[in-house]
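Chemist: Show me how the following folds:
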Amino acid sequence: MATAPGCPRCGAPDAGGAECPRCGVVFAKMRRSPAPPPREDSPPETPERRLDRLDVALLAVLVVAGAFWYRSTTSPPAESGPAPSPRAVSRRAPRPARAAEPPDPGLAGAPAPPELPEPPQPPDEAPPEPAPAARPPADAAALPEADRQALGRLAALAREGAGIAVADIYAAEDLFAKHPEHPQVRRMIERLLRAAARQEEAAGRPLEAARHYVRATELLPESPGAWWALVALHSRARDWSEAERAARRGLSALPSDAWLHRALATALMRQDRNDEAADVLRRLLARAEDGEARTLLARLERELATARGMAQRTSSHFRLRFEGSADDPLGAAVLRVLEEKYDMLARILDGAPDDQIPVVLYPRQAFREVSDSPGWVGANYNHFDGRIRIGTRDLSAGLVPLDLERTLTHELTHAFVDAVARGPVPSTINEGLAQYLSGRRLGYRLARARTVPGPDGRLLVRDFYDAALSFVEYLLERHRQSSMNDLLRRLGQTRNFEEAFRRAYGETYAGMREEWLRQLE
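Modeler: Modelled structure (predicted):
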């Protein structure tokens with residue numbers, strides 16, 4: 001009896017159905033032209049839309065010819081810049097780089113309310129490969145010559161991390177379909193997809209970036225790096241429900257992965273689901289010891305014990321917990337103030353958080369125990385779990401005193417800045433803006449001597465906050481609120497503070513601070 005013909009693309013035997021069981025190609029569509037690059041709102045690419053075998057062969061010939069011409073006229077590209085810190089998602093982070101707080105002349109080392117560390121990021125990839133050699137790697141020697149050449153070109157493109165086109169992704173997937181178990185091919189396609197995702201993210205197209213990361217997890221579900229990168233993308237975007245979903249999918253493929261457990265706990269905490277987050281960390285610790293997870297679990301359990309028995313009330317934008325009963329007039333009064341300040345800040349900053357904001361009112365001593373704050377801190381917004389915590393004295397029913405109203409506005413401003421900028425903002429701007437929008441004004445010209453750190457490299461707490469407010473007042477008087485909003489919005493898009501500041505204000509951050517310092521003299 002005659003057998004079904006083999007697949008014309010990968011050679012799989014008995015490929016007699018509508019599509020190949022190995023590479024997934026639909027035979028009726030083998031000769032269609034490749035689809036145009038997907039729009040941002042288009043569905044993910046499917047195997048049926050890849051280049052066909054003839055197109056790949058033709059492309060390989062053109063690439064080989066171009067490579068000989070290129071090597072005869074140029075030198076290989078150099079690696080760009082120093083490697084980021086070990087906490088970065090990848091050793092080749094996308095440009096522009098993740099925003100970091102620049103040095104603050106005269107304010108370095110200033111005290112600030114303590115916070116939990118930033119959400120964990122995936123560890124580094126393996127050390128980068130050397131520049132392409134004249135000969136392919138040893139484990140690629142068994143590949144046909146055309147595939148060896150294609151592998152070399154695509155691996156070099158993944159290392160370079162720029163100029164990756166849709167056709168390159170198609171070519172990589174075709175090569176992977178032909179050699180799915182080849183270690184060099186597997187390493188190449190994961191790195192190429194992740195580099196393409198970083199390229200899209202840097203260009204302000206997070207949806208396209210997510211599609212490349214998702215495709216990497218589909219092709220290589222056993223690879224931790226693909227899952228880490230996908231979760232980190234959603235975490236940077238403050239899309240905690242998607243970060244939770246990606247972490248859960250990753251754990252279904254890698255149930256012992258400690259980083260995915262911690263990332264899932266973080267996403268749950270950001271959604272005010274501390275009980276679930278604690279359960280995730282306990283499951284991780286039941287498998288193996290993990291120092292970070294144990295520290296975070298201890299903090300969570302302490303907060304859960306403190307909050308046990310608290311009343312809870314919710315509104316459109318807040319989840320409020322406080323001591324008392326749910327029908328206590330205090331809860332309604334605080335929520336009314338919070339909603340008023342929310343509307344005010346949304347108008348001023350031209351942006352707002354996407355999710356409800358948890359707010360907890362603690363007795364003063366309980367606040368210090370939960371937040372590990374020094375005595376001078378009476379409230380804080382925590383960038384790690386997205387909560388506003390406030391230590392309060394005894395409050396009259398239904399009455400929110402003016403100082404508490406200003407404190408709520410101050411900490412709520414931090415939540416807005418975090419939501420719009422999607423990452424760290426220099427404390428001189430963050431704290432100065434929070435004071436300004438809560439109604440405080442300096443009212444006098446700051447003495448320049450108060451901006452100079454002491455022998456220990458730090459400022460007095462009052463000097464730090466006064467200097468931050470003075471600098472923000474200077475920015476707002478010279479450039480108005482619209483430039484500040486532009487700075488925060490661009491920072492959320494580019495994750496590069498220096499670039500965002502220069503585009504918003506027309507000069508560098510350091511240059512603007514020098515101008516501010518000169519006018520203090």
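Chemist: can you list contacts of stretch 276-283?
Modeler: With CB atoms under 8 Å, 6 or more residues apart in numbering as the contact definition, stretch 276-283 has outside contacts at 261-262, 264-266, 268-269, 293-294, 296-297, 300-301, 304. Glycine gets a C-beta too; all of them are placed from N, C-alpha and C.
Chemist: rerun that using 7 Å as the cut-off
Modeler: The list of residues contacting stretch 276-283 from outside it, by CB atoms under 7 Å, 6 or more residues apart in numbering, reads 261, 264-265, 268-269, 293, 296-297, 300-301, 304.
Chemist: And stretch 308-318, by the same measure?
Modeler: Outside stretch 308-318, the residues that reach it (CB under 7 Å, 6+ apart) are 319-326, 328, 331, 335, 338-339, 342, 356-357, 359.
Chemist: likewise stretch 219-232?
Modeler: Defining contact as CB under 7 Å, 6+ apart, one finds that stretch 219-232 is touched by 89, 121-122, 125, 176, 186, 189-190, 194, 197, 210, 213-214, 216-217, 243, 246-247, 250, 253-254, 257, 259-260, 263.
Chemist: Where does the nearest residue to residue 472 once chain neighbours are set aside fall, secondary structure wise?
Modeler: Nearest residue to residue 472, sequence neighbours excluded (CB to CB, 6 or more residues apart in numbering): residue 432, at 3.1 Å. For residue 432, the host element (DSSP states H and E) is helix 427-437.
Chemist: now this protein, which segments are flagged as low pLDDT?
Modeler: Screening the chain residue by residue with the criterion pLDDT under 70, one finds the ranges 1-141, 394, 396-398.
Chemist: What separation is there between the spatially most central residue of it and residue 350?
Modeler: When CA atoms, centre = their mean is applied to the chain, the residue found nearest the centroid is residue 236 (1.6 Å). Remark: distance between residue 236 and residue 350 (CB to CB, to the nearest Å) = 21 Å.
Chemist: which other residues reach whichever strand in the chain runs longest?
Modeler: Across the chain, the strand with the greatest residue count (assigned by DSSP state E) is strand 357-363. With contacts defined as CB under 7 Å, 6+ apart, strand 357-363 is touched by 272, 307, 317-323, 334, 338, 370, 386-392, 415.
Chemist: per-domain residue ranges of this protein.
Modeler: Under the assignment automatic domain parsing, the domains of the chain span 1-27, 31-75+119-220, 224-308, 310-411, 424-521.
Chemist: ok, back up a step: how deep is the residue nearest to residue 472 tucked in, by neighbour count?
Modeler: As a burial measure, residue 432 scores 25 neighbours (other CB atoms under 10 Å).
Chemist: got the buried residues for the next helix or strand after the helix holding residue 432?
Modeler: Scanning forward in sequence from helix 427-437 by DSSP H and E, the next helix or strand is helix 461-494. In terms of neighbour count (16 or more other CB atoms under 10 Å), helix 461-494 has its buried residues at 463-476, 479, 483-494.
Chemist: Now the element after helix 461-494, going C-ward?
Modeler: Past helix 461-494, further along toward the C-terminus, the next helix or strand under DSSP H and E is helix 497-505.
Chemist: Would you mark the buried spots in that following helix?
Modeler: By neighbour count with 16+ other CB under 10 Å, helix 497-505 contains the buried residues 497-502, 504-505.
Chemist: same thing with stretch 436-456?
Modeler: By neighbour count, with 16+ other CB under 10 Å as the criterion, the buried positions of stretch 436-456 are 436-438, 440, 442, 446, 450-451, 453.
Chemist: do the same with stretch 336-355
Modeler: Neighbour-count burial for stretch 336-355, counted by 16+ other CB under 10 Å, picks out 338, 341-342, 345, 348-349, 351-353, 355.
Chemist: returning to that earlier point: point out the most buried one among the domains of the chain.
Modeler: Each of the domains of the chain was given a mean neighbour count from mean count of other CB atoms under 10 Å, and the largest, a mean of 19, is that of domain 224-308.
Chemist: neighbouring contacts of stretch 405-416?
Modeler: Everything outside stretch 405-416 that qualifies as a contact, by CB under 7 Å, 6+ apart, is 337-338, 341-342, 345, 349, 351-353, 357, 378-381, 388, 390, 430, 433-435, 437-439.
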